[in-house]
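Participant: generate a structure from the sequence data that follows.
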Amino acid sequence: QVQLQESGPGLVKPSQTLSLTCTVSGGSITTSGYNWHWIRQPPGKGLEWMGVIIYEGSTYYSPSLKSRTSISWDTSKNQFSLQLTSVTPEDTAVYYCASDPPVGVLYEYWGQGTQVTVSS
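Facilitator: Numbers count the residues shown, from 1 in each chain. Okay, here's the model as predicted:
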């Protein structure tokens, strides 16, 4: 079974770049048909999909975040990463990585989430 674990700094200053990594275990990140997502939940709000990198390396982003978001992967480490530039306090949220297999439930697998606070 796929397991996901987010890592990265819990505090980022405004205007800086937020960088998070998701380490995947229990399966290869390049397994055909798998999608690897970043999702966040600001305090008191619902889940917001940020973007995805699919099994062959293509990326897709939320239109509202596209100009500031980049998702990449390191297949040698079985990890994928998120970079969000020019952060503001409104980017404070719990950030999750998630995955769905080619046959199964959307966002079937989730990391535990990591709190990121944007503050000076």
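
Participant: end-to-end on stretch 40-50?
Facilitator: 7 Å (Cα to Cα, to the nearest Å).

Participant: residues in contact with that stretch?
Facilitator: For stretch 40-50, contacts defined as Cβ atoms under 8 Å, 6 or more residues apart in numbering pick out 37-39, 61-62, 65, 69, 71, 82, 84, 90, 92-96, 113. Quick note: C-beta positions are derived from backbone N, CA and C, even for glycine.

Participant: ok, now stretch 95-103?
Facilitator: With Cβ under 8 Å, 6+ apart as the test, stretch 95-103 has contacts from 2, 4, 6, 8, 20, 22, 24, 32-41, 47, 80, 82, 106-111, 113-116.

Participant: list the contacts of the residue most central in space within the chain.
Facilitator: In the chain, the C-alpha nearest the mean C-alpha coordinate belongs to Trp38, at 2.6 Å (Cα atoms, centre = their mean). Taking Cβ under 8 Å, 6+ apart, we find Trp38 in contact with 20, 22, 49-52, 69, 71, 82, 95-98.

Participant: give me the distance from the host helix or strand of it to the chain's centre.
Facilitator: For Trp38, the host element (DSSP states H and E) is strand 35-41. Counting by Cα atoms, centre = their mean, to the nearest Å, strand 35-41 is centred 4 Å from the centre of its parent chain.

Participant: could you point out which element follows it?
Facilitator: By DSSP H and E, the next helix or strand past strand 35-41 is strand 48-54.

Participant: in that next one, what's buried?
Facilitator: Met50, Gly51, Val52, Ile53 (16 or more other Cβ atoms under 10 Å).

Participant: how near is Thr17 to Gly46?
Facilitator: According to Cβ to Cβ, to the nearest Å, Thr17 stands 25 Å off from Gly46.

Participant: still on that earlier bit, strand partners (parallel or antiparallel) of the strand holding Trp38?
Facilitator: strand 48-54 (antiparallel), strand 93-100 (antiparallel) (DSSP bridges).

Participant: of the ones you listed, which is nearest Lys13?
Facilitator: strand 93-100 (15.8 Å; Cβ to Cβ).

Participant: and the helix or strand following that closest one, what does it pack against?
Facilitator: For strand 93-100, the following helix or strand on the C-terminal side (DSSP H and E) is strand 109-110. Identification of packing neighbours for strand 109-110 by 3 or more Cβ pairs under 8 Å, 6 or more residues apart in numbering; DSSP states H and E yields strand 3-7, strand 93-100.

Participant: perfect, that will be all.
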